Structure formats: structure tokens, C-alpha cells
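1. Pasting the sequence and the predicted coordinates here, then a few questions.
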Amino acid sequence: MDIVGQKITVEMEGFSDIRDITDHVRQFVRENDFTEGLIHIFPIGSTASITTIEFEPALVQDMKDKLEEFAPQDQTTRHGQTWGDDNGFSHMRATMMGPGITVPLHNGKPVLGTWQQIVIINHDNRPRERAVFLQVLGE
């Protein structure tokens, strides 16, 4: 068994911008010649999430709408009042979604459904360069 990790960065807009990073994950696996194991994908920062979704425009917008219903960006938070950054909603969204995911690796490929992509969501209230740590445990 080997463990290999790598940080990637993704330029993102704010307010729950969603970006497909599936190709980054596949490339990382190929470059390191893994065939079997587990891939962990973890966003570095407390205002981002990693999940899977069918990455198509209508569902991406539906997801953004639901996140807005759950934790509205204009909702006053104690965090925003304390720090003056008005991004308390982004912390709540990221916390409730969870930070990272683990995806099985089989025959050199992440095990994903036909319409399932790995995405990062930048919940913060500003554009950011989001860092994501990819780590494979396998052979």
C-alpha cells in the first residue's frame, strides 16, 4: 500500500460557485499509477465543500437555490457581527454539507455513476482560489 497526496487549486467565484473537479482527480490517479484503493478529496478552508452531483446547469442552479434557502446570504449572523466579514452563511453551508468525500478507486478509475461528477463548492462571499488536497491510499 502506498499513500500519495497533492494539492490542486481552483479559481472560483463566490456565493456557492460550483466547479467540476472530476478530471483533476482522474489525472492525479493516472499520474501516480494507482489501480485500486481510496481517493480522499478535501477542501482546505472552512467555507468550501466537496460533494458529487450531476454537473449540469439546471441542477447546479437548483443546488444554489436550495443552499440559499438553507442559509441565506443576507441573514445576520453572530459570526458576521463579530468579524465584520458577513460570511457566516458560508460557514454554515460548508459545515452542513461536510468538508470532504472519499471515492473508491477500481481498475485505475474513480468509481462514479454515469452522471456523477466530483465538485467543489465555494460558499464564501467573494471569489477565491480554493485549495483542494487529493490523497490516494492504494496500490
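-> Alright, I've got the coordinates.
2. Format the CA atom coordinates belonging to the longest helix along the chain as PDB.
-> Under DSSP state H, the helix in the chain containing the largest number of residues is helix 57-70. Taking only C-alpha atoms (Å, rounded to 0.1, in the frame of the first residue of the first chain), the coordinates of helix 57-70 have been written out as PDB:
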ATOM      1  CA  PRO A  57     -26.600  23.800 -15.500                       C
ATOM      2  CA  ALA A  58     -30.200  23.300 -14.200                       C
ATOM      3  CA  LEU A  59     -29.200  21.100 -11.300                       C
ATOM      4  CA  VAL A  60     -26.300  23.400 -10.400                       C
ATOM      5  CA  GLN A  61     -28.700  26.300 -10.200                       C
ATOM      6  CA  ASP A  62     -31.200  24.200  -8.200                       C
ATOM      7  CA  MET A  63     -28.400  23.400  -5.700                       C
ATOM      8  CA  LYS A  64     -27.500  27.100  -5.400                       C
ATOM      9  CA  ASP A  65     -31.200  27.900  -4.800                       C
ATOM     10  CA  LYS A  66     -31.500  25.300  -2.000                       C
ATOM     11  CA  LEU A  67     -28.300  26.500  -0.300                       C
ATOM     12  CA  GLU A  68     -29.700  30.000  -0.400                       C
ATOM     13  CA  GLU A  69     -33.000  28.700   1.200                       C
ATOM     14  CA  PHE A  70     -31.000  26.800   3.900                       C
END
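3. OK, contacts around A58?
-> Contacts for A58 (Cβ atoms under 8 Å, 6 or more residues apart in numbering) come out as none. Bear in mind the C-beta positions are built from the backbone N, C-alpha and C, glycine included.
4. what does the model give it for pLDDT?
-> Listed pLDDT for A58 reads 98.
5. With E36 as the reference, measure out to it.
-> 35 Å (Cβ to Cβ, to the nearest Å).
6. With T47 instead?
-> Distance from T47 to E36, by Cβ to Cβ: 34 Å.
7. neighbour-wise, which of the two wins?
-> A direct count of neighbours by other Cβ atoms under 10 Å for T47 and E36 places T47 higher, at 24 against 13.
8. is it true that that one touches H91?
-> Yes: here T47 reaches H91: they are 5.9 Å apart, a contact under Cβ atoms under 8 Å.
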